Structures are given as C-alpha cells and as structure tokens.
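[1] Provided below for reference: sequence and predicted model.
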Amino acid sequence: MIIQVSTEVLKKFGISANDYLYLYLIDKKEYDILKELNLDVDLESLQTKNLLKIGEDVKSHIIRGELFTFQATPFDQMWGELLSYFPLKVSVSNGKGVRVLRAKDPTALANRQAKKKYQSYINGDVGKHKEVIKCLKTELSIRSKGDTMGYMQMLSTWVNQHTWEKYESLDGEQDSQNSRITRQL
C-alpha cells in the first residue's frame, strides 16, 4: 500500500507522520496492516486535538475533524455541500414532533442510495450541482416563508424525484401566498 503524506497537513494539525499513518489506516479500516506496523502514536494527544475518539479497541476508534477532507474527491465535496444545506430534521406541522429527513453522517448507509443517484445525475458537472444548490435554497426559502418545512421530502425521495427541478424557474424572494393562481366566479 502506498500512502502519500502531506507535510502541510502534518504542520497544520501538529501531528507526526506516525500519527497521520495511524489515523489514515483506521479511517480506511486497514486494521491488519496497522497490527504489522510498530507506530509510536500518542492517542491522548490525538484525542485532545479532536482528531480521534478513543474506543475500547482499535476497531472502535472514531476519526474526527477535517484531517482527511483534503483527500475528498470533488464529488464528495459537492455531496457535503448538498448535505450542509439539506435539513437534517423538520418539525411536524402540529409542532409536537420531529421528522428526520436524512442521516447526519454523509457516509451513512441511509444516505448511500441518494448519494449514488445524485452522483449519476451530476456526473462531475459543477454547474449542475450549483443549480441544484440554488434550487434547494429557493425551496427552503419558500417553505420557511410559507411555514411548510414540515412537508419537506426525505433526502432520498428529493434526489430520486429530482424535486429541485420544480424550483428552477422560481426565486427565493417569491411570496408563497401569491404563487397560487385562482379565479373568482
């Protein structure tokens, strides 16, 4: 296995190459390779720097922070941006409950199908992604003004049905009250 180490990352986070390698192998779940190496790692220091949450054993350690965000693919960055705008949960219309719209972790199994669908739609096109984000912001603006956030679709449904396309021709400033056209008899 070849692992490239950025000296800028080592300086930025104040860690050693051993610390980086340890975190990288845990992130990739390469526990067998980790056992073979004799790495001198200060786990308490990594936890203090909020890069690692120490578990009972190596397999239960959790990587924290932004250490590996520089390695994210452009699509991963776009997916992260989409999730940063898409609500995690909404209040139910009666105000007595909450409805969850997506998993908090971008890599969670619950988000995986929506991520694949979104990736196939975007297909590396940043312009398409920016248009989707613009439409999402418009939808959120309209829903918050009209007090209809409780009717927001779950992420998987929103992506599968290309719901953003409904908001392409609208802008966030449109008054939700005036969007309905009615005739008097």
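    Ah, there it is.
[2] lowest confidence element among the helices and strands of the chain?
    Across the helices and strands of the chain, mean pLDDT, DSSP states H and E gives its lowest value to helix 7-13, namely a mean of 82.
[3] flag every buried residue along it.
    By neighbour count on 16 or more other CB atoms under 10 Å, the buried set for helix 7-13 is residue 13. (C-beta placed from N, C-alpha, C; glycine too.)
[4] not counting the helix or strand following that helix itself, show me its contacts.
    The helix or strand immediately downstream of helix 7-13 is helix 17-27, counting by DSSP states H and E. With contact meaning CB atoms under 8 Å, 6 or more residues apart in numbering, helix 17-27 is reached by 3, 5, 9-10, 15, 31, 33-34, 37, 39-42, 45-46, 51-52, 58, 61, 63, 67-68.
[5] buried residues, the helix or strand just after helix 17-27. List them.
    Remark: after helix 17-27, the chain's next helix or strand is helix 31-36, criterion DSSP H and E. The neighbour-count check on helix 31-36 (16+ other CB under 10 Å) flags residue 34 as buried.
[6] re the thing from before, just the buried residues from the contacts of helix 17-27, in ChimeraX please.
    Buried residues among the contacts of helix 17-27 (16+ other CB under 10 Å), as a ChimeraX selection:
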select :15,34,41,46,51,52,61,67
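[7] would you map out the domains in this structure?
    7-69, 72-167 (automatic domain parsing).
[8] between those domains, which gets the lowest average pLDDT?
    Of all those, the minimum mean pLDDT falls on domain 7-69 (a mean of 85).
[9] show me how far that one is from its chain's centre.
    Averaging C-alpha positions (CA atoms, centre = their mean, to the nearest Å) puts domain 7-69 21 Å from its chain's average.
[10] what residues does the least confident helix or strand of the chain touch?
    With contact meaning CB under 8 Å, 6+ apart, helix 7-13 is reached by 16-17, 20, 49, 51, 65, 67, 70.
[11] show me which of these are buried.
    Of the members of the contacts of helix 7-13, the ones counted as buried by neighbours, 16+ other CB under 10 Å, are 20, 49, 51, 67.
[12] go through the longest helix along the chain and flag the buried ones.
    If you go by DSSP state H, the chain has its longest helix at helix 126-146. For helix 126-146, the neighbour count (16+ other CB under 10 Å) marks 129, 132-133, 135-136, 138-143 as buried.
[13] what's the following helix or strand after that helix?
    Next helix or strand after helix 126-146 toward the C-terminus (DSSP H and E): helix 155-160.
[14] buried set for that next one?
    Neighbour-count burial for helix 155-160 [16+ other CB under 10 Å]: 155-156, 158-159.
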